[in-house]
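Engineer: need the 3D shape of this:
(one chain, ligands or ions: 1)
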Amino acid sequence: MGRQCTVCGHKDVEEINKLLLCSDSYRDIARQFGLSKDALARHKESHMPELLLKSQEVKETLQADNLLDQIVYYESEARRFKGLAESQGDLELALKAVDRALKCLDLFAKARGIISDQPQVNILVLPEWIALRTAIIQSLRPYPDALEALRDALR
Ligand SMILES: [Zn+2]
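Structural biologist: Residues are numbered from 1 along each chain as shown. As a prediction, this is how the structure comes out:
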């Protein structure tokens, strides 16, 4: 259907769409681009809704923000469990919690990378990661074995 539309097939279709959004005067646009008023009217009626996909993109961005919020939430939960496990002397559980927190950070970095359309995100330079890594290493200092295990895991 789109193929038969002279407006969709027009090389200046984006410009025409903009004009159609701002103006109801088919005549001027038709004359400017050598199109028929009917074609413009039909195009605006049938094909312009696709332009509203722009607002869909906004919606997806909001959902993405929500996703990041959730990852941050679970990361803080993992940290909380790490604290709990430590206070109970359960280092194995504390390490598991650390592992979860790291997964959350990894996920966060990936999600943010996808959202901001950057093909590569280096988690090692993220401030969230640096802060967490420092906190983990400090809290594991009294436990050299655990610290060593963590360093192995990170390698
Ligand atoms: Zn069209």
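
Engineer: low-confidence stretches in this structure?
Structural biologist: Across the chain, the stretches falling below the confidence threshold (pLDDT under 70) are 1-3, 24, 50-62, 64, 114-124, 155.

Engineer: would you mind giving the domain segments of the chain?
Structural biologist: For the chain, whose domains are defined here by automatic domain parsing, the residue ranges read 2-46, 56-154.

Engineer: got a markdown table for those domains, with mean neighbour count and distance to the ion too?
Structural biologist: For glycine as for every other residue, the C-beta is placed from the backbone atoms N, C-alpha and C. Rendered in a markdown table, the data for those read as follows (neighbours: other Cβ atoms under 10 Å; distance: least, Cβ to the ion, whole Å):
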| stretch | mean neighbour count | distance to the ion |
| --- | --- | --- |
| domain 2-46 | 14 | 3 |
| domain 56-154 | 14 | 19 |
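
Engineer: checking T134 next. Helix, strand or coil?
Structural biologist: Secondary structure of T134, reduced to three states by DSSP: H, G, I helix; E, B strand; the rest coil: helix.

Engineer: going forward can the numbers begin at 6, since that is how I track them
Structural biologist: All set: I'll call the first residue 6, so the last point we hit is now T139.

Engineer: any idea how far it is from E133?
Structural biologist: 11 Å (Cβ to Cβ, to the nearest Å).

Engineer: quick check: which element contains L98?
Structural biologist: Remark: L98 resides in helix 96-120, with elements defined by DSSP states H and E.

Engineer: can you give me how far that helix is from the chain middle?
Structural biologist: For helix 96-120, the gap between its own C-alpha mean and the chain's C-alpha mean amounts to 16 Å (Cα atoms, centre = their mean, to the nearest Å).
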